[in-house]
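**Q** Could you look at this predicted model? Sequence included:
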Amino acid sequence: MDAVVMAGGVPDLDDPLYAVTHGKPKAMLDISGKPMIQWVLDALNGSKLVDKVIVSGLDASSGLKYSGDLSYIPNQGEMLLNIRAGAEKILEMNPASKHVLLCSSDVPTLETPAVDWVIETAMQSDEDVYYNVITRQVMEARFPGSNRSYIRLKDMEVCGGDVNIARTSKVVSERGIWDRLVASRKNALKQAALLGFDTLILLLLHAITLDGAIQKVTRRLNITGRALQCPFAEVGMDVDKPHQLEIVRADIQRRLNV
């Protein structure tokens, strides 16, 4: 499976990480002598299930290393647009691509077993979208104090993962879905209209299960999908705040010292 790694984020003055990035890409933050994104590429590189990798938002001058086919595309300005542009590049290079692995550049504690688990678990069925969630118990046991944002469902509390899978052709062809998702990203009313007010109410009342939520959302978007309850907290340990950066730096340093 080919992969797209999103690395277009550049924290602005209002971002908590601006004090450590100073206008440079977050993906290039140093962690134990490597850019943050390089740890992600190392995890992908160790997997026999990952082939080509597209990095969106950086270029070859970044000096990133990957033993396979590594390509770059410019930042499209929005995460979802970067996903679509990456999928278009994947199909250009590999017209037979069926599914694409979508990975954030800011999950540096990610390791190969987690990558393999996501791909192997998803490919047990044939859906348009596979979205990873991590329960509060799994996340807080692995990364106490990480202060993730959780959604409280009827059957569990979960946070979203940053390593997911989508059908390549759907990402490229269903422009209406992507345009609606992009347009709604920063508008709560538009998000509610997109997901359906019934779904929103059920979420607010904590009266819907994980499977129920996925079924309602995918039906609303006219796609098929599965939620994967991921046992690897690393898949959701993204770096959005300085204290999370310190957590992953300490975690990786402990790994190196073992």
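**A** Sure thing, it's come through.
**Q** list the contacts for the residue sitting nearest the centre point of the chain?
**A** When Cα atoms, centre = their mean is applied to the chain, the residue found nearest the centroid is residue 162 (2.4 Å). With contacts defined as Cβ atoms under 8 Å, 6 or more residues apart in numbering, residue 162 is in contact with 103, 104, 106, 107, 132, 235, 236, 238. Where you see a C-beta, it was placed from the backbone N, CA and C, and this is true even at glycine.
**Q** Save those residues as JSON lines, and put in pLDDT too.
**A** Output for the contacts of residue 162, formatted as JSON lines (pLDDT from 0 to 100):
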{"residue": "103", "pLDDT": "95"}
{"residue": "104", "pLDDT": "93"}
{"residue": "106", "pLDDT": "94"}
{"residue": "107", "pLDDT": "96"}
{"residue": "132", "pLDDT": "89"}
{"residue": "235", "pLDDT": "96"}
{"residue": "236", "pLDDT": "93"}
{"residue": "238", "pLDDT": "93"}
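**Q** out of the residues you listed, which one sits closest to residue 17?
**A** For the contacts of residue 162, the minimum distance to residue 17 (Cβ to Cβ) is 9.3 Å, reached by residue 106.
**Q** So which residues of the stretch 151-258 of the chain form helices?
**A** 168-173, 175-184, 188-195, 197-204, 210-221, 242-257 (DSSP state H, counting those that start in this stretch).
**Q** And those, which one averages the lowest pLDDT?
**A** Among these, helix 188-195 carries the lowest mean pLDDT, a mean of 53.
**Q** separation between the nearest residue to the residue nearest to the centre of the chain once chain neighbours are set aside and residue 256?
**A** Excluding its sequence neighbours, the residue lying closest to residue 162 (Cβ to Cβ, 6 or more residues apart in numbering) is residue 104, at 3.8 Å. Distance of residue 104 to residue 256, computed by Cβ to Cβ, to the nearest Å: 22 Å.
**Q** Same drill for the two, tell me which one is more crowded.
**A** residue 104 (23 against 8; other Cβ atoms under 10 Å).
**Q** which residues does that one contact?
**A** 5, 6, 40, 162, 163, 238.
**Q** Next step: the residues you listed restricted to strands.
**A** 5, 6, 163 (DSSP state E).
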